[in-house]
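A.B. asks: A structural model of the following input is requested.
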Amino acid sequence: MDQKTTNTTPGTAVGKPSVREAAAEAPAAAARLIVSSSPHFMADESIPKIMHTVVAALMPAAAASIYFFGWRALLLIVFCIASCLATEYAFQRIRRQPVKIHDGSAVITGMLLAMTLPAGFPLFGAFLGSFFAIGVGKQLFGGLGYNIFNPALLGRAFLMATYPVLTTTWVEPRTVEKAVDAVTAATPIGLWKFEGNMDFNLLDMFLGNTAGSLGETSALAIIIGGLYLRYKGYINWKLPLGYLGTIAAVSAVFWLVNPARYPDPLFHLFAGGAMLGAWFMVTDMVTSPTTSLGQWIFVIAAGVMAVVIRIFGGLPEGVMYSILFMNAFVPLLNKHTRPRVFGMVKSGKG
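C.D. replies: So this is what the prediction gives:
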């Protein structure tokens with residue numbers, strides 16, 4: 001190995017670096033000697049960046065809801081976001097934790113909760129749902145990353161149990177001819193479920209020109225946002241494809257058996273909260289499985305349950321309960337579907 005020669009100062013040996021030079025080179029040498037586990041690369045990602053990207057992906061659906069339902073939809077979205085931010089701030093201060101409401105997670109919860117509510121839902125109920133979503137669905141479990149259930153869906157389930165009439169009182173979009181504000185209407189899935197009405201327009205359901213929650217109307221706007229998240233690499237394609245594919249496959253069986261009674265698969269995909277649940281609820285990084293096999297089990301079981309509730313249950317919609325139910329099994333799925341460690345050999349004992 002070649003010996004390093006440097007300029008020396010009086011009192012130093014020839015061919016050896018001075019103390020000052022050695023001290024200057026020490027940090028660089030130490031950095032080169034650090035050994036760490038893989039991966040050995042840095043990713044330009046952070047929680048705020050991911051959350052803000054999800055907020056941007058929700059913008060097409062939010063804009064569509066404002067277009068179809070007017071200023072009341074905007075007010076409901078802003079109020080839910082503000083309520084979620086205030087609740088998270090209060091809980092973080094009470095728990096003496098760093099205030100991190102700027103990371104965007106509470107904003108997403110507020111937007112998603114608003115997307116599950118009808119445009120005419122009262123603001124006091126929106127505040128209670130937001131408080132429950134953040135306080136119980138998120139902070140009670142320890143905060144971001146520790147919650148078992150999707151906070152927005154948990155808030156929606158709380159409102160469904162507390163105010164069942166208010167959460168199922170819909171208004172017609174402004175774009176519907178002869179529609180008047182505050183006139184109640186039935187959603188396409190409600191008309192089929194309780195009245196047997198099979199006269200629906202798939203194009204209106206795809207574009208959003210139907211009654212329903214803010215996020216149940218325009219499937220097109222939700223798909224645009226979902227594809228943007230997929231383009232950014234923030235969601236796994238298995239989750240939305242598996243969930244929607246299962247809903248389509250199971251509903252197709254009933255449709256083929258009795259098309260006069262059961263609607264076709266496209267109706268189940270465009271009606272209710274199937275699109276919103278598939279692209280923004282099932283794909284939640286915290287409450288969805290991390291293993292490939294676990295993800296397939298998660299979405300297939302949830303998709304089957306959603307269709308079963310729609311067809312045989314007492315409620316018209318099964319998306320919310322199917323996702324919440326499977327959220328409870330995510331820890332078990334992650335535990336029992338872990339792939340075998342490379343090189344590991346099964347023991348013959350036991």
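A.B. asks: pLDDT weak spots in the stretch 151-300 of the chain?
C.D. replies: Confidence mapping of the stretch 151-300 of the chain against pLDDT under 70 gives the ranges 176-185.
A.B. asks: helices of that one, start to end?
C.D. replies: Using DSSP state H, counting those that start in this stretch, the helices of the stretch 151-300 of the chain run over 151-162, 188-195, 202-207, 219-232, 238-257, 265-270, 274-276, 292-312.
A.B. asks: give me the pLDDT for the spatially closest residue to Gly155 that is not a sequence neighbour.
C.D. replies: In space, and not counting its chain neighbours, Gly155 is closest to Ala133: 3.0 Å by CB to CB, 6 or more residues apart in numbering. C-beta coordinates here come from the backbone N, C-alpha and C atoms, glycine included. At Ala133, the model reports a pLDDT of 96.
A.B. asks: and Gly155, what does it touch?
C.D. replies: Going by CB atoms under 8 Å, 6 or more residues apart in numbering, Gly155 touches Thr109, Leu113, Gly129, Ser130, Phe132, Ala133, Ile134, Gly137.
A.B. asks: what subset of these is buried?
C.D. replies: Thr109, Leu113, Gly129, Ser130, Phe132, Ala133, Ile134, Gly137 (16 or more other CB atoms under 10 Å).
A.B. asks: so who does the first one touch?
C.D. replies: Remark: with contacts taken as CB under 8 Å, 6+ apart, Thr109 is in contact with Cys84, Ser130, Ala133, Ile134, Gly137, Lys138, Pro151, Ala152, Gly155.
A.B. asks: re the thing from before, just send the buried ones among the contacts of Gly155 back as TSV, with distance to Asp204 and secondary structure too.
C.D. replies: Compiled in TSV, the buried ones among the contacts of Gly155 are given as follows (distance: CB to CB, whole Å; DSSP: H, G, I helix; E, B strand; the rest coil):
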residue	distance to Asp204	secondary structure
Thr109	29	helix
Leu113	25	helix
Gly129	28	helix
Ser130	30	helix
Phe132	33	helix
Ala133	30	helix
Ile134	34	helix
Gly137	33	coil
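A.B. asks: wait, Gly318 touches Val308, no?
C.D. replies: Yes - contact criterion CB atoms under 8 Å: Gly318 and Val308 qualify, at 6.9 Å.
A.B. asks: more neighbours: those two, which one.
C.D. replies: A direct count of neighbours by other CB atoms under 10 Å for Gly318 and Val308 places Gly318 higher, at 27 against 14.
A.B. asks: and the more buried one, what pLDDT?
C.D. replies: Looking at Gly318, its pLDDT stands at 90.
A.B. asks: residues in contact with the residue lying closest to it once chain neighbours are set aside?
C.D. replies: Of all residues not flanking Gly318 in the chain, Ile309 sits nearest, at 2.7 Å (CB to CB, 6+ apart). By CB under 8 Å, 6+ apart, the contact set of Ile309 is Leu315, Glu317, Gly318, Tyr321, Ser322.
A.B. asks: mind checking the SS state of the fourth one?
C.D. replies: Right, Tyr321. Secondary structure, DSSP: H, G, I helix; E, B strand; the rest coil: Tyr321 is helix.
A.B. asks: what about the closest residue to it other than its chain neighbours, distance to Thr291?
C.D. replies: Distances taken as CB to CB, 6+ apart place Ile309 nearest to Tyr321, at 6.2 Å, with adjacent residues excluded. Going from Ile309 to Thr291 by CB to CB, to the nearest Å gives 26 Å.
A.B. asks: Ile189 too?
C.D. replies: Distance, Ile189 to Thr291, by CB to CB: 33 Å.
A.B. asks: of the two, who's got more company?
C.D. replies: Using other CB under 10 Å as the criterion, Ile189 and Thr291 rank with Ile189 on top: 25 against 16.
A.B. asks: now the closest residue to Thr116 other than its chain neighbours: how far from Leu332?
C.D. replies: Distance criterion CB to CB, 6+ apart; nearest residue to Thr116, sequence neighbours excluded, is Arg156 at 4.3 Å. Applying CB to CB, the value for Arg156 to Leu332 is 24 Å.
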